[in-house]
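*Asks:* Can you look at this prediction? I've put the sequence above it.
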Amino acid sequence: MKRNDILMIMPYFGALPRWFDLYLYTCIKNSFIDFLFITDCKGMNIPSCKNIKVVFETFGDYCLKVSNRLNINFCPELPYKICDLRPFFAIIHEEYLKGYKFWGYGDIDVVYGNLRLLLPVNRLMRYDVISAHSDRLAGHFTVIRKESKYSRDCYNIKDWERYLESNNVYGLDEHHFTEIVYPAQKFIWMLYRRVGKHLGIKYYSFFDFCNIIPRIFQRLYMKEFLTSVLPQDGEIWQYNTRDGKITNPQNKEIPYLHFLFFKKTKFYNAKTYWGADFWQINDDKLFNTDNTEDRTICFTNHEIYERK
């Protein structure tokens, strides 16, 4: 496995989603990032690629490893609890990070476009934390410099042992960890509610402006890229298999697309979301890395299909 500067740590246990081959294809296209999958999915069809590594492990063995590394009793009922572990990945998976400058975490309900939009070389040189939300660290994609204080800031989360030993999912990655890494976030949120909102300033624009301060003094880059949007009828996001780029309905390129609000989710009661027949792509060879055809994959709030 060729070593890049960034290692994305991706534990995943359970059944793979229907779009996984597409997701994996977009990982491979971002060849400047290494992806480590820790999984019990024996059916994970991983092609021979320099930037992909798979470690097969049962969920029980993984939980035991976490318990030993953090000196807690980590035995959740469901793998989704792993989201709360993300701020601790640099400690839990320390042995895999030798030689890397950055580590990161994310979701697999995404397709990556050109991640250089989010992670250009000059930004990686300047900042210790880079994330695709302006108001919090994004659980679906955040990158942290290994030798920075942020790699161990997880221990500053109050009562973190109690949170991790509970079966409940608390969102430590997006909420509690953000409060530690970016303590001014609560003040900015309050300032928006009392001032910015009444002035008609858009929520994310307000945060993007205020985030100039942590960029300078804390080496944090938090900018809203609108990757987790609520899709409306008639809107189409497009992914090109040759150049690996994603464009939104306004034809603007974005670093990746998060499917959170395309699926049925507890976070929002959408009137329209993907049903059982949302996957309309029949050519499984489409996402073979040897395939150099110029093809376009489209995403709407009803389906994923190939544009003919």
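*Replies:* It's in. Numbers count the residues shown, from 1 in each chain.
*Asks:* in the one helix or strand residue 63 maps to, what counts as buried?
*Replies:* Secondary-structure assignment from DSSP states H and E places residue 63 in helix 59-70. Along helix 59-70, the positions that meet the burial threshold by neighbour count (16 or more other C-beta atoms under 10 Å) are 59, 62-63, 66, 70. For the C-beta atoms, the positions are set from N, CA and C on the backbone; glycine is no exception.
*Asks:* Format these as TSV; extra columns: pLDDT and distance to residue 243.
*Replies:* Converted to TSV, the buried residues of helix 59-70 look like this (pLDDT from 0 to 100; distance: C-beta to C-beta, whole Å):
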residue	pLDDT	distance to residue 243
59	97	37
62	98	36
63	98	40
66	98	39
70	98	42
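*Asks:* Quick check: the two most widely separated of those?
*Replies:* Based on C-beta to C-beta, the longest span within the buried residues of helix 59-70 runs between 59 and 70 and measures 16.4 Å.
*Asks:* The helix or strand of the chain with the lowest mean pLDDT packs against which elements?
*Replies:* Using mean pLDDT, DSSP states H and E, the weakest-scoring helix or strand in the chain turns out to be helix 212-217, at a mean of 83. Other helices and strands packing on helix 212-217, by 3 or more C-beta pairs under 8 Å, 6 or more residues apart in numbering; DSSP states H and E, are strand 220-222.
*Asks:* Run me through the strand neighbours of the strand it packs on, direction for each.
*Replies:* In its sheet, strand 220-222 lies beside strand 129-131 (parallel), with partners assigned from DSSP bridges.
*Asks:* Centre of the chain to the strand it pairs with, how far?
*Replies:* 11 Å (C-alpha atoms, centre = their mean, to the nearest Å).
*Asks:* what does it contact?
*Replies:* 118-119, 123-124, 137-138, 141-145, 148, 150, 181, 219-222 (C-beta atoms under 8 Å, 6 or more residues apart in numbering).
*Asks:* buried subset of these?
*Replies:* A residue is treated as buried here by neighbour count (16+ other C-beta under 10 Å); on that basis the buried members of the contacts of strand 129-131 are 118-119, 124, 137-138, 141-145, 150, 181, 219-222.
*Asks:* so where's the stretch 151-300 of the chain uncertain?
*Replies:* By pLDDT under 70, the weakly predicted segments of the stretch 151-300 of the chain are 284, 289-291.
*Asks:* can you give me the strands for it?
*Replies:* Applying DSSP state E, counting those that start in this stretch to the stretch 151-300 of the chain gives strands spanning 220-222, 237-240, 246-247, 253-254, 256-258, 296-299.
*Asks:* The stretch 1-150 of the chain now?
*Replies:* Chain-ordered strands for the stretch 1-150 of the chain, with DSSP E, counting those that start in this stretch as the definition, fall at 6-12, 33-39, 52-56, 102-106, 110-112, 129-131, 141-145.
*Asks:* buried stuff in the third one?
*Replies:* Which is strand 52-56. Applying a neighbour-count criterion of 16+ other C-beta under 10 Å, one finds residue 52 buried in strand 52-56.
*Asks:* Check the first one too.
*Replies:* Buried residues in strand 6-12, counted by 16+ other C-beta under 10 Å: 6-12.
*Asks:* My guess is residue 103 contacts residue 87. True?
*Replies:* No: in terms of C-beta atoms under 8 Å, residue 103 does not count as a neighbour of residue 87; the distance is 11.0 Å.
*Asks:* Looking at these two, which has the bigger crowd around it?
*Replies:* residue 87 (28 against 22; other C-beta atoms under 10 Å).
*Asks:* Which one of the strands of the stretch 151-300 of the chain lies nearest to residue 230?
*Replies:* strand 256-258 (11.1 Å).
*Asks:* Fine by me, we can end here.
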